[in-house]
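I would like the atomic coordinates for the input below:
(one chain, ligands or ions: 1)
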Amino acid sequence: MKLSKYFLPTLKELPKDAEVMSHRLMLRAGMIRQASSGIYIWLPLGHAVLKKIEHIIREEQTNAGAIELLMPTIQSADIWKKSGRYDDYGAEMLRMKDRHNRDILYGPTNEEQITDISSHYFKSYKTLPKILFHIQWKFRDEVRPRFGVMRCKEFLMKDSYSFDVTEEDGKESYNKMFLSYLKTFQRMGLKAVPMQAESGPIGGNLSHEFIILANTGESKVYVDKRMLELNIPESIDYEKDSKGTVESWTKYYAVTEDMYDEKSFEKNVDEENRLVMRGIEVGHVFYFGDKYTKPFNANVQDKDGTISPIQSGSYGIGVSRLVAAVIEASHDEKGIIWPESVSPFDTALINLNPKNDELVNICDNLYNKMLSSQTVLYDDTSNSVGEKLTRMDLIGIPKQIILGNKSVENKTLEIKDRRSGETVIENIDKFLEHLNNDKPS
Ligand code: 5CA
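Sure, this is the predicted structure:
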């Protein structure tokens, strides 16, 4: 993408009302724009990162055996009356009427909708187990939307729902999703710590939150430091490797504020291992058995002919919140530093002097060749050198290729690593040679 043709409305001045770094940087880097309170427009750069994050989540859900579908954003109130949550959910639910005066709502989550689906299709043990997921916008009329897309009203969520015949099988699905969450966040360069959590309005008695440790997080967390040393297998076979995941990842104390108890923290964790910090909740998983399937008469017949309610759980990831969480975890005083896996472009190419025709030729040629193996943001604008370098550091593409007048004489370019700031000078022909060698066949 040539920057002269792109739409990247970066801001020079510091946004006044943005309290946390990720919000400030997302506004300054031209990633988002507030449309109204708690509702955001995803500008092209923000949208590109959102899609990268979505892609990793989708791939890891699929690897774990979950199947994608797409449910609507607007739901009928009838299914929520059936589960009993229509009244319970309160003011956070955006309620509307259609032209026939029927009660409808903008979905804050999808347990009812998916349980209704399960009641029609999963009648025999032969159809189970199943984990279904979708990636869809949600609306929650939050009392105090804040921190940009971190806590807003309209947000993108990945929500999965598991369906099993027995509780034992249900717990296996819970383990699979648990492991896929650990892997998903790792692929985004994040260390997410699973913590025992309250199940709140979703319900059930088994629930874990996945928390990124960050000083700007909304919740206070109490963690045994040994939690941070746990690792997942390099390559995962979900059928085999997920067994026992929850057990081994919950052997150390790790809770959010809601579940904190001073006595048990001090009893279970030696002083040198006690970590009290803040964190950002990027995922939340629930096992609630027959809480929803019972009122929906979503029953399944087992091998022996016994009919009982399907066993279920739900598993959410805050897709749009993750964009902010990655920034909280990876930035410096100059701006964002994207991990490669979620960067909006693989590489940045900067021509420091577009008035130099020879240099333009060299850069255009490089750009065209690079495009066959990667995505590139090519700064071909006539802005000043300072503006170009500052802007590229702000938007955080991990690798920058920089060319100036000297590149013409010396036939060299500069490769800058955004994270370390280190630069390497390379011969242009050598660079092109590497490019050819690295090309996917
Ligand atoms: N139905 C369950 C799981 S599918 C559910 O709704 N869980 S949740 O309420 O915990 O939401 C799942 C994830 O969505 C959270 O972990 C969080 O990362 C994200 N999320 C929740 N509320 C907001 C919000 N107001 N703004 C941005 N992200 C949010």
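
Phi, psi for the closest residue to the ligand within the chain please.
Of all residues in the chain, residue 318 sits closest to the ligand, at 2.3 Å by CB to the nearest ligand atom. (Each C-beta comes from the backbone N, C-alpha and C, glycine too.) Dihedral pair for residue 318: phi -80, psi 90, per degrees, to the nearest 10.

Help me confirm that it comes into contact with residue 281.
Yes: at 7.3 Å, residue 318 counts as touching residue 281 under the criterion of CB atoms under 8 Å.

Flag every buried residue along stretch 284-294.
284, 285, 286, 287, 288, 289, 290, 291, 292, 293 (16 or more other CB atoms under 10 Å).

hey, which strand is longest across the chain?
Ranked by number of residues, the top strand in the chain under DSSP state E is strand 274-289.

Now do that one: which elements does it pack against?
helix 167-187, strand 192-196, strand 206-213, strand 219-224, strand 311-318, helix 319-329 (3 or more CB pairs under 8 Å, 6 or more residues apart in numbering; DSSP states H and E).

Can I get it in CSV, CA atoms only?
Provided in CSV are the C-alpha atoms of strand 274-289 (Å, rounded to 0.1, in the frame of the first residue of the first chain):
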residue,chain,number,x,y,z
ARG,A,274,3.3,-13.2,45.8
LEU,A,275,2.5,-10.9,42.9
VAL,A,276,-0.2,-8.2,43.2
MET,A,277,-0.8,-6.4,40.0
ARG,A,278,-3.5,-5.2,37.6
GLY,A,279,-4.7,-7.0,34.6
ILE,A,280,-6.8,-6.9,31.4
GLU,A,281,-9.4,-9.6,30.9
VAL,A,282,-9.1,-10.8,27.3
GLY,A,283,-11.0,-14.0,27.6
HIS,A,284,-13.6,-15.7,29.9
VAL,A,285,-14.7,-19.3,29.9
PHE,A,286,-17.7,-20.8,31.6
TYR,A,287,-19.0,-24.3,32.2
PHE,A,288,-22.7,-24.3,33.2
GLY,A,289,-23.9,-27.8,32.4
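
From the contact counts, what lies against the following helix or strand past that strand?
Counting by DSSP states H and E, the next helix or strand C-terminal to strand 274-289 is strand 299-301. Judged by 3+ CB pairs under 8 Å, 6+ apart, strand 299-301 is in contact with strand 307-309.

Contacts made by the strand it packs on with the rest, please.
Contact with strand 307-309 is made by 165, 289, 290, 293, 294, 298, 299, 300, 301, 302, as judged by CB atoms under 8 Å, 6 or more residues apart in numbering.

repeat for stretch 207-218
With CB under 8 Å, 6+ apart as the criterion, stretch 207-218 contacts 20-22, 147, 150-151, 178, 181-182, 185, 190-199, 219, 221, 223, 246, 250, 256, 277-287, 325, 328-329.

Same list, the residues you listed, but only the ones touching the ligand.
By CB under 6 Å from any ligand atom, the members of those lying near the ligand are 151, 281, 282, 283, 284.

ranking those residues by neighbours, who comes first?
Neighbour counts for these, by other CB atoms under 10 Å, peak at residue 283, which reaches 27 neighbours.

With adjacent residues omitted, what lies nearest to that residue?
residue 210 (3.7 Å; CB to CB, 6 or more residues apart in numbering).

Can you give me the distance of the one you found to residue 31?
23 Å (CB to CB, to the nearest Å).

Residue 176 too?
33 Å.

okay, these two: which has more neighbours?
residue 31 (31 against 27).

domains of the chain?
As assigned by automatic domain parsing, the chain contains the domains 3-335, 345-438.

Can you tell me which of the ones you listed is packed in deepest?
Greatest average neighbour count among those goes to domain 3-335 (a mean of 18), per mean count of other CB atoms under 10 Å.

how far is that one from where the chain is centred?
9 Å (CA atoms, centre = their mean, to the nearest Å).

Just the terminal-to-terminal distance for that domain.
One end of domain 3-335 sits 18 Å from the other (CA to CA, to the nearest Å).

do the same with stretch 326-345
16 Å.

Please list the outside residues in contact with it.
Contacts for stretch 326-345 (CB under 8 Å, 6+ apart): 1, 20-22, 25-26, 28-29, 45, 48-49, 52-53, 56, 187-190, 212, 214, 216-217, 280, 346, 375-377, 390, 393-398, 418-419.

how does it look with 6 Å?
The contact list for stretch 326-345 (CB atoms under 6 Å, 6 or more residues apart in numbering) reads 22, 25, 45, 48-49, 52-53, 187-190, 212, 214, 216, 375, 377, 393-394, 396-398, 418-419.

How about stretch 88-107?
For stretch 88-107, the surrounding residues in contact (CB under 6 Å, 6+ apart) are 73, 74, 75, 76, 77, 108, 139, 140, 141.

One more pass at 10 Å, please.
Residues from elsewhere that reach stretch 88-107, judged by CB atoms under 10 Å, 6 or more residues apart in numbering: 71-81, 83, 85-87, 108-109, 113, 136-143, 153-154, 157, 159, 201, 203.

Spell out which parts of the stretch 251-400 of the chain neighbour the ligand.
281, 282, 283, 284, 314, 315, 316, 318, 321.

dump the residue contacts of the third one.
It refers to residue 283. So residue 283 contacts 57, 157-158, 177-178, 180-182, 184-185, 192, 194, 208-212, 315-318, 321-322 (CB under 10 Å, 6+ apart).
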